[in-house]
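1. predicted model and sequence below, questions to follow.
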2 protein chains.
Amino acid sequence: MINILFAAHADRWAQYEQPLTTALDALELDYTLSTEFAPEEVDYIVYAPNSDVQDFGPYTRLKAVLNLWAGVEGVVGNETLTVPLARMVDEEGLTQGMVEWVTGHVLRHHLGMDAHIVNPDHRWHPEAPPLSRDRPVTILGLGTLGLACGKALAMLGFPVTGWSRTAKETAFPCFSGDDGLHAALDGAQIVVLLLPDTPATHDILDAEAIARMAPGAVVLNPGRGPLIDEQALFDALDSGHLSHATLDTFRVEPLPGEHPFWHHPKVTVTPHIASETRPDSAARVIAENIRRGEAGAPFLHLVDRAAGY
Amino acid sequence: MINILFAAHADRWAQYEQPLTTALDALELDYTLSTEFAPEEVDYIVYAPNSDVQDFGPYTRLKAVLNLWAGVEGVVGNETLTVPLARMVDEEGLTQGMVEWVTGHVLRHHLGMDAHIVNPDHRWHPEAPPLSRDRPVTILGLGTLGLACGKALAMLGFPVTGWSRTAKETAFPCFSGDDGLHAALDGAQIVVLLLPDTPATHDILDAEAIARMAPGAVVLNPGRGPLIDEQALFDALDSGHLSHATLDTFRVEPLPGEHPFWHHPKVTVTPHIASETRPDSAARVIAENIRRGEAGAPFLHLVDRAAGY
């Protein structure tokens, strides 16, 4: 009997109990799934980093922690965790959702939609936007999400440039390392942040980085709030060097009502919806990892604890 | 010497003179390009249907009329025109621009962007939209533009259904004929109108057709204004059966300031910018057709005068 602890807020349990049961049953595993076990009886934890479980010490027979989301910054530094940690890579749900949000907001800014959606003076000003081939887009972060978004944007004709910490094989031009960051941003008209939240990525979009983008550029941040130096962003929006920022992730969430992001006319806030784990497909990923653990096969999507993601 | 008359408004001449010269030179044609000729000396007319040339009778040696745009409703019924008429099919510019506009506005409505762009109460309401696979899109009209848009939307995961007057081979499910129209609209959540403007397509989106769409559906009209029965559209928006209409084409353009489309909260007006012929690529299409005419080869993109497009 495999004991699987579901450690996340109660509303998540309501979303996940049935999909997890379905996915585990489909793999014919002999298991008990519950939100309550004696710690020493737990084999796997399906985990949200903001759950009550913060000390893994008492979980003496634990085989793996399976994170419900892609971001693991809330658990990766937890020194009481000594067993494998897997992050969520949910191609069907999470990745697809991110591709849709990024493609949609890139096209929104590319087409200048806001001027038509909000047009109180009813101006008829028939100036067609440039074509996608004349709108360079740069993606910082080429994990599963960044690569999938780059592929979709390239299919729509955008000249895509990527950047990642370590060099990657990509279908579009790509820079890497500290030296490559500014080169990747040179002349970019739309920049998409899809880096993980690690000490090395904090404030990576600072004044110097922003200065490399084309005048009037747009920033999209569906990655993580700390990637942006907020003061540098405001300065660039106010000077006009950046024309807009559309932000989905924040240092504090929900974004406090008094935060200037809510009030700045060149900022759009979306409430951390760019990519949600979808219970049905995510449950299948978790069940597969439990099957692998029981079969002695390598876990999928393991976190590199030293790199932090 | 081939005499090519450019018959369109003066601002078009400013846009096209150089690109046409470049494209014609590249094909090594021996030509004169001008906005003024004696009619009996003209071999080809590069044509905007709203130009001063409305009587083709005096153009006694005319070989073909080459339309600057895809829509030919302003010339196809002209009985003085007896030589071949080609419409513009500008894959590089016009088709690509349409794909970008359609994909962008489909994603805008799919993601519910407007609620974030216009959010005066600063609501943080983190509900992720469904994935594209759960958002059926129907495209009416499967010419070059409709097929290209369908392909792009299918690549992004939307279940696309098409409809055309005559049956077509498509990569997505497709209906045809009067009988198929309502079946194609059944349960559609987003409907894109890309039909030509002919007597058979006037008011094709009427109350009965709208009733077949899913509750809360959205209509996009980058095609032609007369495709929509405006009263039926307003009734469906006011009843809530349709949640929004984003319109790029109108019966009268520019859309008059007093038209209710400007004032309806569920209507977005874009000023006929979904797809513009781009001078560089369009000039190459026109030059190629002149080369073909001179070589005795069949013209590209000929209009079927009986069908009206």
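-> That came through fine.
2. which other helices and strands contact whichever strand or helix holds A:H109?
-> Assigned by DSSP states H and E, A:H109 belongs to helix A:96-111. The elements that helix A:96-111 packs onto, with contact taken as 3 or more CB pairs under 8 Å, 6 or more residues apart in numbering or on different chains; DSSP states H and E, are helix A:144-155, strand A:190-193, strand A:217-221, strand A:242-247, helix B:96-111. (Glycine included, C-beta is placed from N, CA and C.)
3. ok, 10 Å please
-> Counting contacts by 3 or more CB pairs under 10 Å, 6 or more residues apart in numbering or on different chains; DSSP states H and E, helix A:96-111 packs against strand A:137-140, helix A:144-155, strand A:190-193, strand A:217-221, strand A:242-247, strand A:267-269, helix B:96-111.
4. show the average pLDDT along whatever helix or strand comes next after that helix.
-> Counting by DSSP H and E, the next helix or strand C-terminal to helix A:96-111 is helix A:114-117. Averaging pLDDT along helix A:114-117 yields 97.
5. just how off-centre is helix A:114-117 within its chain?
-> Distance of helix A:114-117 from its chain centroid, counting by CA atoms, centre = their mean, to the nearest Å, is 27 Å.
6. now it - C-alpha only, PDB.
-> Provided in PDB are the C-alpha atoms of helix A:114-117 (Å, rounded to 0.1, in the frame of the first residue of the first chain):
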ATOM      1  CA  ASP A 114      -5.700  48.600 -26.500                       C
ATOM      2  CA  ALA A 115      -6.300  51.700 -28.600                       C
ATOM      3  CA  HIS A 116      -9.300  50.000 -30.100                       C
ATOM      4  CA  ILE A 117     -10.600  48.300 -26.900                       C
END
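7. contact partners of that helix?
-> A:108, A:123, A:125, A:244, A:268, B:105, B:108, B:113-114, B:117-118, B:246, B:248, B:268-271, B:273 (CB atoms under 10 Å, 6 or more residues apart in numbering or on different chains).
8. go again using 6 Å as the cut-off
-> Applying CB atoms under 6 Å, 6 or more residues apart in numbering or on different chains, the contact partners of helix A:114-117 are B:D114, B:I117, B:T268, B:T270.
9. by neighbour count, which of the residues you listed wins?
-> B:T270 (25 neighbours; other CB atoms under 10 Å in any protein chain shown).
10. can you report phi and psi for that residue?
-> Backbone torsions of B:T270, given as degrees, to the nearest 10, read phi -110, psi 140.
11. spit out the contact partners of it.
-> A:H116, B:D248.
12. ok, now with 7 Å
-> Going by CB atoms under 7 Å, 6 or more residues apart in numbering or on different chains, B:T270 touches A:H116, B:T246, B:D248.
13. how many other residues sit next to the first one?
-> Just to be clear, that refers to A:H116. Neighbours of A:H116 (other CB under 10 Å): 18.
14. measure stretch A:77-96 end to end?
-> Stretch A:77-96 has an end-to-end distance of 28 Å (criterion: CA to CA, to the nearest Å).
15. could you tell me how far that stretch lies from the centre of the chain?
-> 12 Å.
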